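> need a structure here:
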Amino acid sequence: MNRVELIGRLTRDPELRYTGSNIATTRFTLAVNRPFQSQNGEQGTDFINVVVWRKQAENVKKYCTKGSLVAVEGRIQTGSYEKDGQRVYTTDVVADSVQFLESKAQSENRMSSEGSDLSPADFVNQEVKESDMSDEVFANFGDSVEISDDDIAF
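Model prediction:
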């Protein structure tokens, strides 16, 4: 069984692209707090890449921004690609469902107060962690990506 359920905040605005078959796909990274603290009392955070397809992808782009609180249900998918002559391995959560856990008013209030209601662990070392990640699978493909319907698992 391959099922994933996550609750976390987007670390940046989602990226919406369209395949050659005009299928919407959105990528974002989700900051998810670990359920335990280290010996120092610090709560760790995992940064998980998420891919969403079709109408749900368009909705995520339309209604979510950096810091939005969402719940994601889906599955883990691994893959690889060549970049500069080297094989790069990827692990993503392919979302079946993304639920928005904040109202628009809550989101706007959070944005206007610049994150005052976020816990410090929500974005621990965010810039460092994100810069270390190689999650730009579509970086060399331009504005559209050629994917046939046979490539999509659902």
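> list the buried ones in stretch 56-67?
Neighbour counts over stretch 56-67 (16 or more other C-beta atoms under 10 Å) mark 56-58, 60-61, 64, 66-67 as buried. (Each C-beta comes from the backbone N, C-alpha and C, glycine too.)
> give me the spatial nearest neighbour of residue 96, chain neighbours excluded.
Spatially, and ignoring its direct neighbours in sequence, residue 96 is nearest to residue 74 (4.8 Å; C-beta to C-beta, 6 or more residues apart in numbering).
> look at the residue nearest to residue 75 when sequence neighbours are not counted and report its pLDDT.
Spatial nearest neighbour of residue 75, chain neighbours left out: residue 2 (4.4 Å); criterion: C-beta to C-beta, 6+ apart. Here the pLDDT value assigned to residue 2 is 95.
> residues touching residue 80, list them.
Applying C-beta atoms under 8 Å, 6 or more residues apart in numbering to residue 80 gives the contacts 87-90.
> can you flag which of those residues belong to helices?
Counting by DSSP state H, none of the members of the contacts of residue 80 fall within helices.
> does residue 4 touch residue 72 like I think?
Yes: the criterion here is C-beta atoms under 8 Å, and residue 4 meets it with residue 72 at 7.3 Å.
> need the residues touching each of the two.
residue 93.
> between these two, which one's more packed in?
A count of neighbours by other C-beta atoms under 10 Å puts residue 72 above the other of residue 4 and residue 72, at 23 against 16.
> what about the residue nearest to residue 96, distance to residue 17?
Going from residue 74 to residue 17 by C-beta to C-beta, to the nearest Å gives 18 Å.
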